[in-house]
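Colleague: Build me a model from this:
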Amino acid sequence: MARVNLSEMSVEALMDLRKRVDEMLLERRAEIEIKANMHMMMKSFFVATALIAAASSAQAQSYNWNSRRVVVDPPTAAQRAAAD
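Modeller: Down below sits the predicted model:
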């Protein structure tokens with residue numbers, strides 16, 4: 001943005017500048033809110049998908065919320081014996 005010497009501007013020009021800045025800030029805020037909402041929807045989708053995958057897996061014991069990975073415990077000796 002161009003440098004403006006505010007001390008040389010009239011009151012009307014300053015008020016117009018303030019109005020334009022406020023409008024620009026409102027537009028940018030709306031853009032940021034839209035992006036944030038999209039991010040939250042995508043995150044919710046991935047979490048739901050992982051939870052569905054975890055629920056459908058017989059070995060899945062828990063879900064690691066920080067890494068988005070299903071934590072799978074190794075089979076016990078009894079489970080290995082039953083599989084053989």
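
Colleague: what helices or strands is the helix or strand harbouring residue 44 leaning on?
Modeller: Under the criterion DSSP states H and E, the helix or strand holding residue 44 is helix 11-56. Contacts of helix 11-56 with other secondary structure elements, assessed using 3 or more CB pairs under 8 Å, 6 or more residues apart in numbering; DSSP states H and E, are made with strand 60-64, strand 69-72. (Glycine included, C-beta is placed from N, CA and C.)

Colleague: pLDDT on the longest one, on average?
Modeller: The predicted model assigns strand 60-64 a mean pLDDT of 53.

Colleague: try stretch 38-56
Modeller: Rounded mean pLDDT across stretch 38-56 is 81.

Colleague: For that stretch, output the C-alpha coordinates as CSV.
Modeller: The C-alpha trace of stretch 38-56 is given here as CSV (Å, rounded to 0.1, in the frame of the first residue of the first chain):
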residue,chain,number,x,y,z
MET,A,38,-13.7,-24.9,6.0
HIS,A,39,-10.6,-26.0,8.0
MET,A,40,-12.9,-27.0,10.9
MET,A,41,-15.2,-28.9,8.6
MET,A,42,-12.3,-30.8,7.0
LYS,A,43,-10.8,-31.6,10.4
SER,A,44,-14.2,-32.9,11.6
PHE,A,45,-14.5,-35.0,8.5
PHE,A,46,-11.1,-36.6,9.0
VAL,A,47,-11.7,-37.3,12.7
ALA,A,48,-15.1,-38.9,11.9
THR,A,49,-13.5,-41.0,9.1
ALA,A,50,-10.8,-42.2,11.5
LEU,A,51,-13.3,-43.0,14.2
ILE,A,52,-15.4,-45.0,11.8
ALA,A,53,-12.3,-46.9,10.6
ALA,A,54,-11.4,-47.5,14.3
ALA,A,55,-14.8,-48.7,15.2
SER,A,56,-14.9,-51.1,12.2
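
Colleague: quick one: residue 40 from residue 53, how far?
Modeller: In this structure, residue 40 and residue 53 are separated by 20 Å, where distance is defined by CB to CB, to the nearest Å.

Colleague: can you check residue 41 too?
Modeller: On the measure of CB to CB, residue 41 and residue 53 end up 19 Å apart.

Colleague: Done for today, thanks.
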